[in-house]
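Engineer: sequence unavailable; structure follows:
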């Protein structure tokens, strides 16, 4: 064992038999609070990103196959389900990655009750649609029946829209679609959902695609796009390229009239993912500020420890100890304070995070944050890296100020009281 470490282990943070001075206790509390804030910032932002990403991936298809001529003319905004499904199934490697695929149509509509009306987006889906997330979000009723013999009027509406229009399960209302002329269709509310994702809840009603096909005079294989959900979303960009190649090959082989384009969920929801990326910058700013604060606190603690043992410095120098050796002793001694603060900070930070994760004590406004409580995601790797970073930055912060021992002369310290 090194001499410096041996001496530091035998010394206490207090002076002699005394406990740590009030100044050192304040320094410890300051470092603990900084670590606590850093831990909570990391787990909360990870929680936000995890929850928002989960919602986005659950209410939107991972890959969207649409007409490559989309936007040129209304006639280009449609796809044929047979063409797309055949293209997907022609690539057995890609088809093995598919969890679900569905023909989807979307059209603006106006919901009209006897007392009020509301503009919405009507999303029509077929029986291949993945209902797993919306099924878990149902607060009343049931999902629409999409069987061929089912009533195409069945829809589910968000709780937010139901509150605005004073609707309930079982109510019948008219949906008005406006093209060259106004077309009305009667709908029946069979379920009410609440995803707490305000942008989706206030805009979408979901029902049978056959209703929109009748409005648009389409056959049973036509929709606006095909939504594809994958079993694994780690390589969406590569999967999108693979799907595009499969569709292009199938189009050439079968001489299909439509060219298709494939877009990923990140491309179709860029504003949300850009917002999530900005959260990372917020965390970085908080971490930098907390590191600066804790560094100044550590420097103050080191200077106080040195001043409390200034006579010891003189004795060690008179015994022949070098400045470097004495510096290491005080860095190791301050390290005790750092380790103590890290342990306390982690216990408090992770403890508070677990309490919030289990009991959702701190609430949020869903209209602003897309969820009703502060989410928590405890990532062991992220916390380990954070603690390692704290230790490294603490050591770096102590190197410079520790040089103060080189200015202390043994003849002066013997008289110091």
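Structural biologist: It's in. All of these numbers come straight from a predicted model, not from anything done at the bench.

Engineer: count of neighbours near the closest residue to residue 334 other than its chain neighbours?
Structural biologist: Excluding the flanking residues, the one nearest residue 334 by Cβ to Cβ, 6 or more residues apart in numbering is residue 302, at 4.9 Å. Where you see a C-beta, it was placed from the backbone N, CA and C, and this is true even at glycine. Neighbour count for residue 302, taken as other Cβ atoms under 10 Å: 23.

Engineer: can you check residue 408 too?
Structural biologist: Neighbours of residue 408 under the rule other Cβ under 10 Å: 18.

Engineer: quick one: residues contacting it.
Structural biologist: 310, 313-314, 317 (Cβ atoms under 8 Å, 6 or more residues apart in numbering).

Engineer: with pLDDT added, can I get the residues you listed in JSON lines?
Structural biologist: Below are the contacts of residue 408 laid out as JSON lines (pLDDT from 0 to 100):
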{"residue": "310", "pLDDT": "76"}
{"residue": "313", "pLDDT": "76"}
{"residue": "314", "pLDDT": "77"}
{"residue": "317", "pLDDT": "75"}
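
Engineer: and which of these is nearest to residue 198?
Structural biologist: residue 310 (61.8 Å; Cβ to Cβ).

Engineer: pLDDT averaged over the strand or helix carrying residue 287, what's the number?
Structural biologist: Using DSSP states H and E, residue 287 maps to helix 270-308. Helix 270-308 shows a mean pLDDT of 87.

Engineer: next one: the residue nearest to residue 334 from residue 78, what distance?
Structural biologist: Distance of residue 302 to residue 78, given as Cβ to Cβ, to the nearest Å: 71 Å.

Engineer: can you check residue 182 too?
Structural biologist: Taking Cβ to Cβ, one finds residue 182 at 21 Å from residue 78.

Engineer: one more: residue 175?
Structural biologist: In terms of Cβ to Cβ, residue 175 sits 20 Å off from residue 78.

Engineer: between those two, which one's more packed in?
Structural biologist: Remark: of residue 175 and residue 78, residue 175 carries more neighbours, 23 against 18, as counted by other Cβ under 10 Å.

Engineer: show me what contacts the residue nearest to residue 334?
Structural biologist: 330-331, 334, 398, 401-402.

Engineer: ok, now with 6 Å
Structural biologist: Residues near residue 302 by Cβ atoms under 6 Å, 6 or more residues apart in numbering: 334, 398, 401.

Engineer: where's the first one, which helix or strand?
Structural biologist: Residue 334 is part of helix 323-359 when elements are defined by DSSP H and E.

Engineer: got a list of what the residue nearest to the spatial centre of the chain touches?
Structural biologist: Residue closest to the average C-alpha location in the chain (Cα atoms, centre = their mean): residue 49, at 0.6 Å. Going by Cβ under 6 Å, 6+ apart, residue 49 touches residue 276.

Engineer: if you set the cut-off to 8 Å instead, what comes out?
Structural biologist: 276, 279, 377.

Engineer: which strands or helices does the longest strand seen in the chain pack on?
Structural biologist: When the chain is parsed with DSSP state E, its longest strand is strand 98-112. Judged by 3 or more Cβ pairs under 8 Å, 6 or more residues apart in numbering; DSSP states H and E, strand 98-112 is in contact with helix 81-90, strand 117-125, strand 172-178, helix 209-215, strand 222-223, strand 225-230.

Engineer: partners of the last one, with directions?
Structural biologist: Strand pairing for strand 225-230, determined by DSSP bridges: strand 63-67 (antiparallel), strand 98-112 (antiparallel).

Engineer: for the shortest one, same thing?
Structural biologist: When sheet partners are counted by DSSP bridges, strand 222-223 sits next to strand 79-80 (antiparallel).

Engineer: residues in contact with the strand it pairs with?
Structural biologist: With Cβ under 8 Å, 6+ apart as the criterion, strand 79-80 contacts 65-67, 103, 221-226, 256, 258, 260.

Engineer: could you check how far it is from the centre of its chain?
Structural biologist: In terms of Cα atoms, centre = their mean, to the nearest Å, the centre of strand 79-80 is found 34 Å from the chain centre.

Engineer: show me what the helix or strand where residue 200 lies is packed against.
Structural biologist: In this structure, residue 200 sits in helix 198-201 according to DSSP H and E. If contacts are counted by 3+ Cβ pairs under 8 Å, 6+ apart, helix 198-201 sits against helix 159-165, helix 366-369.

Engineer: quick one: mean pLDDT for that helix?
Structural biologist: 92.

Engineer: where's the closest residue in space to residue 50 that isn't next to it in sequence relative to residue 42, distance?
Structural biologist: Distances taken as Cβ to Cβ, 6+ apart put residue 377 closest to residue 50, at 4.6 Å, once the chain neighbours are dropped. Residue 377 is 9 Å from residue 42, where distance means Cβ to Cβ.

Engineer: check residue 346 too.
Structural biologist: Residue 346 is 12 Å from residue 42, by Cβ to Cβ.
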